[in-house]
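**Q** Need a 3D model of the sequence below.
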Amino acid sequence: MYASPTLASPFGRTQQFASAYKQVGVETGIAGASAHQLVQMLFDGFLDAVAQARGALRDGNVELKGRAIGRAVRILDEGLKATLNTGDGGELAADLNDLYAYTSLRLTQANLRNDERALEECQRLIEPLRTAWTAIAAQVDVQP
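**A** Next up is the predicted model:
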């Protein structure tokens, strides 16, 4: 995933991403995707789920809001957070782990309190990561 094999990655291997991605219920396009592409899909899925939850909250659709927030939490916990390499990833992996845990907590609070501002906060926290991840795509070595 990185140009230099001596750098420790804060992220896991491609197989971990594919497994995590399948666990959170997203099936499209994972077969030939690189680890980088799979993380991109997780970020996109998270932001889509939060947008869906916000719309459902505005429409008063409690069931859809709960399902969408549940999906966003699973993407964070079983996808993005579960694939971090906290053993070798150093401070970056620890910081991402903490951010994902906090965001998951805020999503749960948003669900319990019907709090759209909390959903907006979660979107604002993750969007810069998605943007940065997209920006580095050309610099990432493709894994077999």
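
**Q** can you pull the buried residues of the host helix or strand of Val73?
**A** Here Val73 sits within helix 62-74, counting by DSSP states H and E. Neighbour-count burial for helix 62-74 flags Lys65, Ala68, Ile69, Gly70, Arg71, Ala72, Val73, Arg74 (criterion: 16 or more other CB atoms under 10 Å). (Each C-beta comes from the backbone N, C-alpha and C, glycine too.)

**Q** what's the closest non-adjacent residue to the fourth one?
**A** To tie it back to what came earlier, the one meant is Gly70. Asn111 (7.9 Å; CB to CB, 6 or more residues apart in numbering).

**Q** list the buried ones in the helix or strand where that neighbour lies?
**A** Using DSSP H and E, Asn111 sits within helix 90-113. Neighbour counts over helix 90-113 (16+ other CB under 10 Å) mark Ala93, Leu96, Asn97, Leu99, Tyr100, Thr103, Ser104, Arg106, Leu107, Ala110, Asn111 as buried.

**Q** helices or strands up against that helix?
**A** Under the contact definition 3 or more CB pairs under 8 Å, 6 or more residues apart in numbering; DSSP states H and E, helix 90-113 sits against helix 35-59, helix 62-74, helix 116-135.
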